[in-house]
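Q: Quick one: sequence and predicted model below, then my questions.
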Amino acid sequence: MTTVVFILAFFIILIYALLVLSFFIGWIRTKKHLPQMPGPSVRVSILIPCRNEESNLLHLAGALVAQDYPEGKMEVIWIDDHSTDQTVEFLLDLIQQRPGWKLIRLDDHLFGKKAALKKAMEYATGELILLTDADSRPGILWVKTMAGFFEDTGTDLILGPVILGPVSNGFGNIQKLEYLSLVASSVGAAGIGHPIMAQGPNIGVRASDYKVMVNNLDNRFASGDDVFLLQAMKSIAGKKIGYLLNSDAIVSSKPAGSLSGFFRQRSRWASKATGYKNPFMILTTLSVLVANLELLAALICGLFSWVPISLFFILLGIKTLADLPLLIVSTRFFRCTNLLYWMIPVQVIYPLYVAVAGVLSQITPVQWKSRESGRR
């Protein structure tokens, strides 16, 4: 019986290791895009859904004002989702000072991020749509770099790099490394021609496509506008999806401020997995889930002497060695190699986090911006 358990355990972790190795190869194959001269001239619409974001808007507005892009070629559309703080007042004052900036307020019967994005597309005039979150902060060359990639390559859906930050403690560093592993996997999967994830704070999409797709986003889930957009684009033959691996395109996003907030966020992300239809997305999700649940099971069984505890350490070692190359190249790109010191804690904690987030996503109401999924 023990032999069968060992064989099955090694088979599962081998599948995971091969998957991560393919992502590493995909990262290596993804070339950094160097903008062509002259600079891009495409008209850009930036869509930003907001709900109770008064503490974040000043930073994002400042970053958008500082963009190195022709003012007449860039519009910013803020969509308020029934905020109860000072968000609307701040935005009303802001748009009076900025030509080309608009504020849209959702009608009483509309709510949620997907409804906000759908409403914004009724007003967007750009050929390229850029999507970001209200608690995110792009660099000053973000719009120029995304627009240049769009013009130079003809890419219909642009996946852009995202990093968590700033962080100031161990909890923040653990979140940052864990999120970085997701971003690195996104780059690698796109590099082998099978994109599986998109990071919501940094997406570019051709407006003519998005006007159709935004109406068909899956409204059963509180989040997922990013991955369901990717899934929809993948289902259309001939559409070009590319990852923009350029440091000028990086957008930083705020980490969760508390452990409970972290688990609510991750359980929300996990809940949308039941809406995946693409076979490779499903395979990847199952491989990661099963490999981490296997590690957790090996640890528990080892502590009770049902299997040798060495099985847990062997499996953990294989997984760590499989993850390491991808994390090395990604931390170098994001200039945060110091995060590798947190790799072992993350590797040990990750299986428990996957199990808890997975369970919570199925048994508790999923919340986004103080709302349960499907409710106002």
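A: Looks like it came in fine. Bear in mind the structure is a predicted one, so any value in this text is a computation, not a measurement.

Q: Quick check: residue 103 is in a strand.
A: Yes. Residue 103: assigned to a strand according to DSSP: H, G, I helix; E, B strand; the rest coil.

Q: Confirm for me that it is in contact with residue 89.
A: No. With the criterion set as C-beta atoms under 8 Å, residue 103 and residue 89 do not qualify as a contacting pair; they are 10.7 Å apart. No exception for glycine: its C-beta is placed from N, CA and C like everyone else's.

Q: So those two - more neighbours on which side?
A: Between residue 103 and residue 89, counting by other C-beta atoms under 10 Å, residue 103 is the more crowded of the two (18 against 11).

Q: Before we move on, what's the pLDDT of the more buried one?
A: As predicted, residue 103 sits at a pLDDT of 96.

Q: got it, and residue 321?
A: 96.

Q: same thing with residue 113?
A: Listed pLDDT for residue 113 reads 86.

Q: what does residue 369 give?
A: Residue 369 carries a pLDDT value of 60.

Q: cool, the one 3 residues further on as well?
A: The confidence metric pLDDT takes the value 51 at residue 372.

Q: Report the buried residues of the helix or strand hosting residue 282.
A: Assessed by DSSP states H and E, residue 282 sits inside helix 279-303. Judged by neighbour count using 16 or more other C-beta atoms under 10 Å, the buried positions of helix 279-303 are 280-281, 284-285, 287-289, 291-292, 294-299, 301-302.

Q: likewise stretch 107-120?
A: Buried residues in stretch 107-120, counted by 16+ other C-beta under 10 Å: 110, 111, 112, 113, 114, 115, 116, 117, 118, 119, 120.

Q: And the fourth one, how far from residue 157?
A: From residue 113 over to residue 157 the distance is 18 Å, taken as C-beta to C-beta, to the nearest Å.

Q: And the second one, by the same measure?
A: Using C-beta to C-beta, one obtains 26 Å as the distance from residue 111 to residue 157.

Q: what's the answer for the third one, then?
A: The span separating residue 112 from residue 157 equals 22 Å under the rule C-beta to C-beta.

Q: Quick check: closest non-adjacent residue to residue 322.
A: Closest residue in space to residue 322, ignoring its immediate chain neighbours: residue 17 at 3.8 Å, by C-beta to C-beta, 6 or more residues apart in numbering.

Q: Run through the residues that contact that neighbour.
A: With contact set as C-beta atoms under 8 Å, 6 or more residues apart in numbering, residue 17 has these partners: 318, 319, 321, 322.

Q: got it, and residue 33?
A: 145, 148, 149, 152, 153, 244, 245, 246.

Q: buried subset of these?
A: In the contacts of residue 33, burial by neighbour count holds for 145, 148, 149, 244, 245, 246, counting by 16+ other C-beta under 10 Å.

Q: Just the buried positions in the helix or strand that residue 26 is a member of, please.
A: Using DSSP H and E, the element containing residue 26 is helix 2-29. Applying a neighbour-count criterion of 16+ other C-beta under 10 Å, the buried positions in helix 2-29 are 5, 9-10, 12-13, 16-17, 19-20, 22-24, 26-27.

Q: Make JSON lines out of the contacts of residue 33 and add secondary structure, distance to residue 211 and pLDDT.
A: Conversion of those to JSON lines gives the following (DSSP: H, G, I helix; E, B strand; the rest coil; distance: C-beta to C-beta, whole Å; pLDDT from 0 to 100):
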{"residue": "145", "secondary structure": "helix", "distance to residue 211": "24", "pLDDT": "96"}
{"residue": "148", "secondary structure": "helix", "distance to residue 211": "23", "pLDDT": "94"}
{"residue": "149", "secondary structure": "helix", "distance to residue 211": "21", "pLDDT": "95"}
{"residue": "152", "secondary structure": "helix", "distance to residue 211": "23", "pLDDT": "93"}
{"residue": "153", "secondary structure": "helix", "distance to residue 211": "21", "pLDDT": "93"}
{"residue": "244", "secondary structure": "coil", "distance to residue 211": "22", "pLDDT": "96"}
{"residue": "245", "secondary structure": "coil", "distance to residue 211": "27", "pLDDT": "94"}
{"residue": "246", "secondary structure": "coil", "distance to residue 211": "27", "pLDDT": "95"}
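
Q: one step back: for the record, mean pLDDT for the helix holding residue 26?
A: The pLDDT scores in helix 2-29 average 92.

Q: One more: stretch 326-346?
A: Averaged across stretch 326-346, pLDDT comes to 95.

Q: Can you check the distance spanned by that stretch, start to finish?
A: End-to-end distance of stretch 326-346 (C-alpha to C-alpha, to the nearest Å): 15 Å.

Q: how about the strands in the stretch 1-150 of the chain?
A: All strands of the stretch 1-150 of the chain, identified by DSSP state E, counting those that start in this stretch, fall at 44-50, 74-80, 101-105, 128-131, 136-138.

Q: With distance to residue 261 added, can I get those strands in a markdown table?
A: Rendered in a markdown table, the data for the strands of the stretch 1-150 of the chain read as follows (distance: least, C-beta to C-beta, whole Å):
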| stretch | distance to residue 261 |
| --- | --- |
| strand 44-50 | 18 |
| strand 74-80 | 22 |
| strand 101-105 | 26 |
| strand 128-131 | 22 |
| strand 136-138 | 16 |
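
Q: Sweet, I'm off.
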